[in-house]
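K.L.:
Compute the structure for the input listed below.
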Amino acid sequence: MFIDLNDLAGPARYKLLTAAIVPRPIAWIVSRDAAGTTNVAPFSFFNLMSGDPPLICVGIGVRGDAPKDTARNIAERGEFTVSLVSAPQAGRMNVTAVDFPAGVDESREARLELSPSRRIEVPWVAQSPVAFECRVHELMRIDRRSLIVAQVAAMHVRDDVVADREHLYLNGPAMDLLARLHNPGWYCRPQADFQMPQLTLAQWEALKQSGEAERYLEQGKI
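P.N.:
Purely as a prediction, here's the structure:
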């Protein structure tokens, strides 16, 4: 099936893209308005863009004809935190997605504990296994969306997630992260993982010479 997205309305494009690009990590964003009111909301248009410099990117839509609280707060303050969502926090995360009126503190509604950041003034979700303190690097307006590129200033990692402190290894399964799937309201969590080291050119050439290249392409094992 060939689909030209120019022939589709916005809701149909959203439906297709969010069903195809899965699973998506969830950014549990904490921001603050000028009066100091805290806002917490989840966003799955989110990912790592670069390790050096350490950059993440978040896409935020609108509420009606106005920017969402999160986008407005980030534009005003230039900083925010991203906490990752573990499976035990699914209910709390879902409550923070409720369309509350502006000014409502979602952290209170969801019974979240917020911890102070060390490099910025916005807190992070203490129940999260990993959180990032972020400063805006660039904010772009694309049609009705805000595309935010932010530099990670610091990280908070729960002790049981640290596999090797000296070598900065983290235990992925211990995070038990949620990821977003398609609508309406589907999520997943990692159930199985596998290791497949990057091939060197010498290894690939050796596979071809030994006649094992086709087997590797099918199975992914040397």
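K.L.:
Distance check, W204 against R13.
P.N.:
38 Å (C-beta to C-beta, to the nearest Å). C-beta coordinates here come from the backbone N, C-alpha and C atoms, glycine included.
K.L.:
mind listing the helices for this protein?
P.N.:
10-20, 69-77, 90-96, 106-109, 172-175, 201-210, 213-219 (DSSP state H).
K.L.:
can I get those helices in a markdown table with mean neighbour count?
P.N.:
Listed next are the helices of the chain as a markdown table, based on neighbours: other C-beta atoms under 10 Å:
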| stretch | mean neighbour count |
| --- | --- |
| helix 10-20 | 12 |
| helix 69-77 | 21 |
| helix 90-96 | 17 |
| helix 106-109 | 16 |
| helix 172-175 | 15 |
| helix 201-210 | 12 |
| helix 213-219 | 11 |
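K.L.:
list the contacts for P88?
P.N.:
Contact partners of P88, counting by C-beta atoms under 8 Å, 6 or more residues apart in numbering, are Q127, D176.
K.L.:
let me redo that: I29
P.N.:
Going by C-beta under 8 Å, 6+ apart, I29 touches V40, A41, P42, F43, V58, T70, I74, F80, T81, V82, S83.
K.L.:
Hmm, T96 and the second one touching each other?
P.N.:
Yes. A41 lies in contact with T96 (C-beta atoms under 8 Å); the separation is 5.6 Å.
K.L.:
Name the residues contacting each of those two.
P.N.:
W28, E106.
K.L.:
Nearest to L112, out of the contacts of I29: which one, please.
P.N.:
V40 (6.5 Å; C-beta to C-beta).
K.L.:
Identify the residues contacting the closest one.
P.N.:
By C-beta under 8 Å, 6+ apart, the contact list for V40 reads W28, I29, V30, T96, D105, E106, S107, A110, L112, V125.
K.L.:
Quick check: which of the residues you listed has the minimum pLDDT.
P.N.:
In terms of pLDDT, the lowest of those is D105, showing 87.
K.L.:
what number of residues lie near that residue?
P.N.:
14 (other C-beta atoms under 10 Å).
K.L.:
wait, what's in contact with it?
P.N.:
Applying C-beta under 8 Å, 6+ apart, the residues near D105 are T37, T38, N39, V40.
K.L.:
Start and end of stretch 196-203, how far apart?
P.N.:
The first and last residues of stretch 196-203 sit 13 Å apart, counting by C-alpha to C-alpha, to the nearest Å.
K.L.:
To clarify, my last question referred to stretch 92-100.
P.N.:
Distance across stretch 92-100, first residue to last, is 14 Å (C-alpha to C-alpha).
K.L.:
And the contacts of it?
P.N.:
26, 28, 40-42, 63, 85, 106-107, 109-112, 127, 178.
K.L.:
Try it again at 7 Å.
P.N.:
Stretch 92-100 has contacts (C-beta atoms under 7 Å, 6 or more residues apart in numbering) with I26, W28, V40, A41, P42, V85, E106, E109, A110, R111, L112.
K.L.:
can you check stretch 159-178 too?
P.N.:
Residues from elsewhere that reach stretch 159-178 (C-beta under 7 Å, 6+ apart): 25-26, 84-87, 90, 129-130, 157, 187, 189-190, 193.
K.L.:
and what of stretch 127-138?
P.N.:
Under C-beta under 7 Å, 6+ apart, the answer for stretch 127-138 is 28, 55-56, 74, 78-86, 89, 112-113, 117, 119-120, 124-125, 148-158, 161, 175.
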